[in-house]
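Q: Okay, sequence plus prediction incoming.
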Amino acid sequence: MKLNDLVPNEGSKKNRKRVGRGISAGQGKTAGRGTKGAGARSGEGGRLYRQGGNLPFYRRLPFIRGEGFTPPNQQSFNEVNLDQLSESFKAGADVNLESLQAAHLLRDPKSPVKVLGRGEIKVALKVKVHRISAGARSKIEAAGGSVEVIE
């Protein structure tokens, strides 16, 4: 088989309909557009979202536009980096929600905590948080610490 032997499947290709080319072509005169009205004119249909005099749907929505969509159930985390932990805690310390709150590292005490991997850590810490990045986990364990993830 060669490239010049390739042909499309039977019936998969149709010639386009050439409208408005005389009565013998079968689509002459009004060219399938009917008679008069917006549908017969060029540029038919108006703007996108036009609804024929009704207030368009996107204008009926609550008046917060141009901001995109904010998921109603999104979870925001308290983000704590390794350099903050190394400044605030001594070797062998337990890092949990209470100790982070006492060290003033949490913005919102009700939100869960995620540890991120910015900075270096030299001391071994016992970290117990909701989430932790892979880089932060490897750095803590390399320093001799342990990581436990809370559900």
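A: Okay, I see it.
Q: gap between stretch 22-36 and the chain center?
A: Relative to its parent chain, stretch 22-36 has a centroid offset of 47 Å by Cα atoms, centre = their mean, to the nearest Å.
Q: cool, and stretch 120-137?
A: Relative to its chain's centre, stretch 120-137 lies at 27 Å (Cα atoms, centre = their mean).
Q: Equivalent analysis for stretch 42-51, please.
A: Per Cα atoms, centre = their mean, the displacement of stretch 42-51 from the mean C-alpha position of its chain is 30 Å.
Q: change the start of the numbering to 405 and stick with it
A: Let's use 405 as the start, then, which means that last one is stretch 446-455.
Q: quick check: mean pLDDT across it?
A: Per-residue pLDDT over stretch 446-455 has a mean of 76.
Q: buried sites along it?
A: Counting neighbours by 16 or more other Cβ atoms under 10 Å, one finds that stretch 446-455 has no buried residues. No exception for glycine: its C-beta is placed from N, CA and C like everyone else's.
Q: Output that stretch as PDB, nothing but the C-alphas.
A: C-alpha atoms of stretch 446-455 as PDB (Å, rounded to 0.1, in the frame of the first residue of the first chain):
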ATOM      1  CA  SER A 446     -26.800  38.500   6.100                       C
ATOM      2  CA  GLY A 447     -25.200  38.500   9.600                       C
ATOM      3  CA  GLU A 448     -28.300  36.700  10.800                       C
ATOM      4  CA  GLY A 449     -28.700  36.000  14.600                       C
ATOM      5  CA  GLY A 450     -27.200  39.200  16.100                       C
ATOM      6  CA  ARG A 451     -24.500  39.100  18.800                       C
ATOM      7  CA  LEU A 452     -23.600  36.100  20.800                       C
ATOM      8  CA  TYR A 453     -26.100  35.700  23.800                       C
ATOM      9  CA  ARG A 454     -28.700  38.000  22.100                       C
ATOM     10  CA  GLN A 455     -32.100  36.900  23.200                       C
END
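Q: Sounds good, over and out.
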